[in-house]
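Visitor: need a 3D model of the following:
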Amino acid sequence: MVGIGMLIITGWWWPGIMLVIGCALAAERFLNGQVAQAIGVFALFLAIPLGIAVLQDINIPWNLVVPFVLIALGLVVVFRAVANR
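Guide: Next comes the predicted model:
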């Protein structure tokens, strides 16, 4: 709720929502004693807004970047599912 309130105040919905989701997921893992996973999740969700900020400065077209990011995230999910079998 705090994160959503901050997004409303700042108006930074995208990619700010990714940072809020990352903080929530990292906090859940941290409270469950999974510190290494919490750090990894937070780093991933922090990298998304930072990457978007960098991409905006170098003027890469979004219609090229977004599909590759989604494909990469999908591949990570698939590889983790296969590795955990």
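Visitor: sec struct for Trp13, please.
Guide: State at Trp13, reduced to three classes by DSSP: H, G, I helix; E, B strand; the rest coil: coil.
Visitor: what about it, how many neighbours?
Guide: 11 (other C-beta atoms under 10 Å). From N, CA and C alone the C-beta is placed, and that goes for glycine too.
Visitor: so what's Gly16 up against?
Guide: Shown in contact with Gly16 (C-beta atoms under 8 Å, 6 or more residues apart in numbering): 6-7, 10, 49.
Visitor: could I get those as a markdown table with pLDDT and distance to Ala83?
Guide: Shown next, in a markdown table, are the contacts of Gly16 (pLDDT from 0 to 100; distance: C-beta to C-beta, whole Å):
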| residue | pLDDT | distance to Ala83 |
| --- | --- | --- |
| Met6 | 84 | 35 |
| Leu7 | 85 | 34 |
| Thr10 | 86 | 38 |
| Pro49 | 82 | 27 |
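Visitor: can you list which of the residues you listed are found in helices?
Guide: The helices, defined by DSSP state H, take in 6-7, 10, 49 from the contacts of Gly16.
Visitor: can I have the buried ones of the residues you listed as a PyMOL selection?
Guide: Filtering the ones in helices among the contacts of Gly16 down to the buried ones (16 or more other C-beta atoms under 10 Å) takes a single PyMOL command:
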select buried, resi 7+49
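Visitor: which among the ones in helices among the contacts of Gly16 gets closest to Val69?
Guide: Pro49 (12.2 Å; C-beta to C-beta).
Visitor: need the nearest residue in space to the closest one, chain neighbours excluded.
Guide: Distances taken as C-beta to C-beta, 6 or more residues apart in numbering place Pro15 nearest to Pro49, at 4.1 Å, with adjacent residues excluded.
Visitor: the one you found touches Phe45, doesn't it?
Guide: No. At 9.3 Å, Pro15 does not count as touching Phe45 under the criterion of C-beta atoms under 8 Å.
Visitor: from Val2, how far out is the residue nearest the centre of the chain?
Guide: The centroid of the chain falls nearest to Phe45 when counting by C-alpha atoms, centre = their mean (2.5 Å). Distance, Phe45 to Val2, by C-beta to C-beta, to the nearest Å: 16 Å.
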